[in-house]
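Novice: okay, sequence plus prediction incoming.
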Amino acid sequence: MKRSMHSLLGFGLVGALLVVVLLGFVWLPYDPLAIDLDHTLAAPSLAHWLGTDEFGRDVASRAMLGARISLLIAIQTVAISIVVGTALGLVVGFLRGWTERVIMTFSDALLAFPGILLALALVAVMGSSRHSIVIALAIAYLPATVRVVRGSVISIREREYVEASRVAGDSALYTMWRIVLPNALPPILVLATSLFGWVILSESALSFLGVGVPPPLPTWGNMLSSARPYMYAASWLSIAPGLCIVATLLGINMLGDALRDRLDPRDN
Amino acid sequence: MSERLLTIEDLRIEAGERVLLEGLSFAVAAGERLAIVGESGSGKTLATRAIPGLLAPGLERVSGTIHFEGRELTALGERGLRSVRGAGIGLVFQEPMTSLNPALPIGVQLAEGLKLHRGLDDAEVRRRSIDMLARVQIADPEACLARYPHEFSGGMRQRIMLASVLLLEPRLLIADEPTTALDTLSQREVLQLMVALTREMGTALLLITHDLGLVAEYTDRVIVLEKGVMVEEGMTADVLARPKHPYTAKLIGSLPRKDGDRAAIAPDAPAALRIEHVRVDYPGKAGLFRAGAPIRVIDDVTLDVRAGEIVALVGASGSGKTTLGRTALGLKPLAGGRILFDGNDIAKLDRAGERAFRRDAQLVFQDPFSSLPPHLRIGEIVGAALRHVPGLSAAERQDRIRATLDDVGLAGFEDRRPHQMSGGQRQRVAIARAIASEPRLVVADEPVSALDVTIQLQVLTLLQRIQRDRGFACLFITHDLAVVEQIADRVIVLEKGRIVEQGPTDAVFAAPSHDYTRRLLAASPALALTETLAAQQ
C-alpha cells in the first residue's frame, strides 16, 4: 500500500515535470528572455503567476524553460555516464586482471575528488557552456557508474550460466553482451535514476556558483543564484526554482525506489 | 508407548490463501526417534518450526494444538516460548555455515544458552562446554572454545551446533535436514553422534529429512508427508518394507538401484577423453607483499573415458571431483600433465579445433537454478551450442532444438523462461542444452543432487537412456554411491585430489580394495537400504 503510494507520487511528480517541459515547447506565458524594466521584481499576480525578476522577466516562463534545459543536461549527462561507465565496468568486471587494475586505478583517482569540485575544475578548463557542463558532470559521475557495474558484473560472472556460455563455445564478447549485461541491468537502471537526481542538483550547484549555463538562458540553478540578493525583497524568486528542484528530486528518487522494488528478483 | 512428550493435534498452517499443512496429528514419546519424510513443499519443515513457535512471517497457524510436557505451547506468549526453546526443545538446522554466529568464538556461543536457562557460573559453564565438546568428538575441546566457526569444516560445525543444543539437555531434539549440506562421511559421523547422545540423555529425536536411507538407519518410527498432508505413519521397518500409501511406495521406488546391464565396452576401445598425469593448483592465501604458495587440488590424475560408457567420479566434498570435471573440459589451467580428446591435446588445438572441441564436449551443472540464464527463453538456452555448428541454417537449428526438447520430454517448452519451470524441468533443460550439439563427451557434475528423490529418479533414467541412445562418453561426478550403483559402468574414487581406486562398478562395490572406498560404501545409507529391501524381496 505504502509502496504503491510512493511510486504513484514519484510517477506524478516526474510526469508533471515532463508535461511542463513539453508544454514549454509550444506555449510559454511570456518570452522568458524579454526584459521589461517597468515591472521588475513584481510579486506573483494573475498576470505573472510567479512574479517577475530583477529585469522584469516572467519567473514562470523562465522556470519552464529552465526545466527544459536542466532536463536536457541531465539526460545527456546520465546517458554518457551510463553508456561509457557500463562499457568500462563490463569489460573490467568480466576480464579482471591488468585491464581492471589500470582502469580502476584511474577511476579511483577520479573518485578521490569530490564530484562537484572535479566538475568545477573541468568546467573552468573547458569554459562554461552547456556542452562542457555535460562533459564535466559525466566525467565526475563516471567512476561511481564503473564501480556499480563492475560489482554487479563480478557477482554475475561467477554464476554457472556464464560458465555454461563458455562451454557452449561462445566468445568472451558474446558472453559479456548477451549473457552478463542483461542480468547486470537492474542495478544499472536504478543507478541511472539516482544519477539523474544528482546531476540536476549538481548542475544547479554549478550554475549557482556561476560556472553553469551562462545567462541569459535560465536554469533552476542560475535562477536561484541570481535571486540571492533579493531573498527578502522578492522571496518568490528563490522559492519557485527551489521548489522545482525539490519536487523533481523527490519524484525521481521515489521513482528510483519503485523501480528498485520492481526489479528485485525476490519479489517475483 | 511410554509417556507422551509431544502431542500435536490437527495442525493447520496457511500462507495467505494457501494451505501448506492440513490436519496434522502425531505424538512423540519420551526418548523416541521419529522421522518426518517428504519432498520439498511437503510441509515437513513447517510442521517442526510451528512447534517452538518459529514460523516465518507470513505463515500462520490457523488451528491445532501443540502439547509439550504438560503445557499447551500455542497458548504461551513469546516469553513462555523462550523458556521452552533451548531448554525443552533443541533445534539443529540444515546449514551449519549460517547457524553459528561467525563473529563470536565457540565458547561464547556455547555459554549463552547455559547462562540464559541454567544461571550457572563461568567455571561450571566452561567445564560443561568442554565436556560436551569432547562428547561430540571435537579434538582439543579447550582450544576449540577460543576459536571461531570459520576455522571448522561443515561436519565439525554441525557437531559443535549439536553440542550447543545438547548442553541444555533438552527433552526433544528437532533436527531439520541436519546433514544435507554435508558429505557422506561427515553425515554418518554427525548422525551417529546424534543418535548415540540422544539415547544416552534420554532425549527424543525428531528427524526431518528427504532421505529414506537415513530414516531406515536412524529412526524407530516414520511419518510420511505429501503436499502438507500426512499419508502414512508407522514403525520404520514396516513402512519401508510394506508401504500402504502409493506415495510412500513411489518414494521407496525412487531409490536409485541398478537396473539393466552395464555397458560392455572393450577395455582396449579408444578413449574419447584421456587425462594424463594432470595436476591442478589453486592459488594459496596471499600475503600483503607475496603471492601465496599454490595448493594442489588435483595431483597426478590419469584416467580414460571411452565412448558409450558412464564413468562415475566419486569422492567426499573437497576431494577435487568438481575441479577435475571442469579440468577435463579445459576450463582450468593445468599445472602439469595433458588432456587428450580423441587423441588430440586440447591445449594445442587451433581455432577450428577448439571450436569443434567446445561443441563436442559439454557440461551438465549441479544446480538447475543458477545454471540457466534467467533472461533467455528455453529455446535459446538449448540452442546455445548450436550457434557454433557450421552450416546449420536457422530453420535447421530450430528443428534441432525442438527435437532435443522432445527427447528430454519437454516438447513445446521453447518459449518459456527458466523461472516458469520446476527444478526437475530445469535440469532436463540443462541436459538438453548439453546434448543439443550431439557431443561425444558429457561431464555431468552432480546433476541430480539438488533434486527431490522422485524427480531424481526421472532425471537419472532420462540421462541414462539418452546416453545409451546416443553413445557419448559420460563422466558422471557424484557423492552418492547409490546413484553410482544405478548408472555407472565404471567408478573412479578420488580422495584429496588423487585416485585411490578405480574399476568396474560391480567389482569395486563388491570388493573395495582401498580403505577410503570401504568407508564411503559403509557410510551410504541409501545403498544399505536398497540392499536390505532387495534382500527382503
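Specialist: Okay, I see it.

Novice: from here on, contacts and neighbour counts on C-alpha atoms
Specialist: Noted.

Novice: helix/strand/coil for B:Pro178?
Specialist: Of the three states, B:Pro178 takes coil under DSSP: H, G, I helix; E, B strand; the rest coil.

Novice: distance of it from B:Leu116?
Specialist: 25 Å (Cα to Cα, to the nearest Å).

Novice: neighbour-wise, which of the two wins?
Specialist: B:Pro178 (26 against 12; other Cα atoms under 10 Å in any protein chain shown).

Novice: touching, the more buried one and B:Val92? I think so.
Specialist: Yes - counting by Cα atoms under 8 Å, B:Pro178 sits close enough to B:Val92 to count as a contact (6.3 Å).

Novice: strands of the stretch 151-300 of chain B, start to end?
Specialist: B:172-176, B:204-209, B:221-226, B:229-235, B:271-282, B:295-306 (DSSP state E, counting those that start in this stretch).

Novice: now mean neighbour count too, for the ones you listed, in JSON lines please.
Specialist: As requested, the strands of the stretch 151-300 of chain B are arranged in JSON lines below (neighbours: other Cα atoms under 10 Å in any protein chain shown):
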{"stretch": "strand B:172-176", "mean neighbour count": "25"}
{"stretch": "strand B:204-209", "mean neighbour count": "25"}
{"stretch": "strand B:221-226", "mean neighbour count": "22"}
{"stretch": "strand B:229-235", "mean neighbour count": "17"}
{"stretch": "strand B:271-282", "mean neighbour count": "20"}
{"stretch": "strand B:295-306", "mean neighbour count": "19"}
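
Novice: so for chain A, which of those sits nearest?
Specialist: strand B:271-282 (15.9 Å; Cα to the nearest Cα).

Novice: leaving out sequence neighbours, find the closest residue to residue 193.
Specialist: Defaulting to chain A. Nearest non-adjacent residue to A:Thr193, counting by Cα to Cα, 6 or more residues apart in numbering or on different chains: A:Gly256, 5.4 Å away.

Novice: ah, I was thinking of chain B
Specialist: Looking at B:Leu193 with Cα to Cα, 6+ apart, the closest residue is B:Val136, at 6.5 Å.

Novice: check A:Pro182 too.
Specialist: B:His375 (7.1 Å).

Novice: ok, now which ones touch that neighbour?
Specialist: A:182-183, B:417 (Cα atoms under 8 Å, 6 or more residues apart in numbering or on different chains).

Novice: now do 10 Å
Specialist: A:178-179, A:182-183, B:381, B:417-419 (Cα atoms under 10 Å, 6 or more residues apart in numbering or on different chains).

Novice: distance to chain A added to the strands of the stretch 151-300 of chain B, as JSON lines?
Specialist: Output for the strands of the stretch 151-300 of chain B, formatted as JSON lines (distance: least, Cα to the nearest Cα, whole Å):
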{"stretch": "strand B:172-176", "distance to chain A": "24"}
{"stretch": "strand B:204-209", "distance to chain A": "26"}
{"stretch": "strand B:221-226", "distance to chain A": "26"}
{"stretch": "strand B:229-235", "distance to chain A": "27"}
{"stretch": "strand B:271-282", "distance to chain A": "16"}
{"stretch": "strand B:295-306", "distance to chain A": "19"}
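
Novice: okay, those strands in JSON lines with mean pLDDT next?
Specialist: Output for those, formatted as JSON lines (pLDDT from 0 to 100):
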{"stretch": "strand B:172-176", "mean pLDDT": "92"}
{"stretch": "strand B:204-209", "mean pLDDT": "93"}
{"stretch": "strand B:221-226", "mean pLDDT": "93"}
{"stretch": "strand B:229-235", "mean pLDDT": "93"}
{"stretch": "strand B:271-282", "mean pLDDT": "92"}
{"stretch": "strand B:295-306", "mean pLDDT": "91"}
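
Novice: same list (those) but as a markdown table, adding distance to B:Thr530.
Specialist: A markdown table is the format used below for these (distance: least, Cα to Cα, whole Å):
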| stretch | distance to B:Thr530 |
| --- | --- |
| strand B:172-176 | 23 |
| strand B:204-209 | 17 |
| strand B:221-226 | 17 |
| strand B:229-235 | 18 |
| strand B:271-282 | 32 |
| strand B:295-306 | 28 |
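
Novice: now the helix or strand hosting B:Thr323 against strand B:271-282, angle please.
Specialist: Secondary structure from DSSP states H and E places B:Thr323 in helix B:321-328. For helix B:321-328 against strand B:271-282, the angle between stretch directions is 120 degrees (axes from the mean of the first three to the mean of the last three Cα atoms, to 10 degrees).

Novice: quick one on the thing from earlier: got any residues that touch both of B:Pro178 and B:Val92?
Specialist: Shared contacts of B:Pro178 and B:Val92, counting by Cα under 10 Å, 6+ apart, come down to B:158-159, B:161-162, B:207.

Novice: which of those fall within helices?
Specialist: B:158-159, B:161-162 (DSSP state H).

Novice: for the residue nearest to B:Leu193, what are phi and psi?
Specialist: Per-residue torsions, B:Val136: phi -90, psi 20 (degrees, to the nearest 10).

Novice: ok, it - how many residues close by?
Specialist: For B:Val136, using other Cα under 10 Å, the count is 23.

Novice: picking that back up, tell me the one of the contacts of B:His375 nearest B:Phe68?
Specialist: B:His419 (41.1 Å; Cα to Cα).

Novice: number of nearby residues for the closest residue in space to the closest one that isn't next to it in sequence?
Specialist: With Cα to Cα, 6+ apart as the criterion, B:His419 has its nearest non-adjacent residue at 6.9 Å, and that residue is B:Pro374. B:Pro374 has 18 neighbours, counted by other Cα under 10 Å.

Novice: and residue 20, how many residues sit next to it?
Specialist: No chain in the question, so chain A it is. A:Val20 has 18 nearby residues by other Cα under 10 Å.

Novice: try again with chain B
Specialist: 22.

Novice: I'd like to know how far the closest residue to chain A within the stretch 101-250 of chain B sits from B:Ala163.
Specialist: Distances between the stretch 101-250 of chain B and chain A by Cα to the nearest Cα are smallest at B:Ala181, namely 19.3 Å. With distances taken as Cα to Cα, B:Ala181 is found 18 Å from B:Ala163.

Novice: so for these two, which residue has more residues nearby?
Specialist: When B:Ala181 and B:Ala163 are compared for neighbours, B:Ala163 comes out ahead with 26 against 16, by other Cα under 10 Å.

Novice: list the contacts for that one?
Specialist: B:92, B:110, B:129-138, B:157, B:169, B:194, B:197 are the contacts of B:Ala163 under Cα under 10 Å, 6+ apart.

Novice: restricted to buried residues, select the contacts of B:His375 in PyMOL.
Specialist: Filtering the contacts of B:His375 down to the buried ones (16 or more other Cα atoms under 10 Å in any protein chain shown) takes a single PyMOL command:
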select buried, (chain A and resi 179+183) or (chain B and resi 381+417+418)
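
Novice: which ones among the contacts of B:His375 are found in helices?
Specialist: A:182-183, B:381.

Novice: show me where the stretch 1-150 of chain B dips below the pLDDT cut-off.
Specialist: B:1-2, B:97 (pLDDT under 70).

Novice: what about the strands in it?
Specialist: B:4-15, B:18-29, B:33-37, B:59-68, B:71-72, B:89-92.

Novice: check which residues of the fourth one are buried.
Specialist: Spelled out, that is strand B:59-68. Applying 16+ other Cα under 10 Å to strand B:59-68 flags B:59-61, B:64-68 as buried.

Novice: other SSEs contacting it?
Specialist: Strand B:59-68 is packed against strand B:4-15, strand B:18-29, helix B:44-50, with contacts defined by 3 or more Cα pairs under 10 Å, 6 or more residues apart in numbering or on different chains; DSSP states H and E.

Novice: let me see the contact set for B:Val215.
Specialist: B:Val215 neighbours (Cα under 10 Å, 6+ apart): B:33-37, B:207-209, B:221-223, B:236-237, B:240, B:525-526, B:529.

Novice: quick one on the thing from earlier: B:Ala535: which of the strands of the stretch 151-300 of chain B is closest?
Specialist: strand B:229-235 (19.1 Å).
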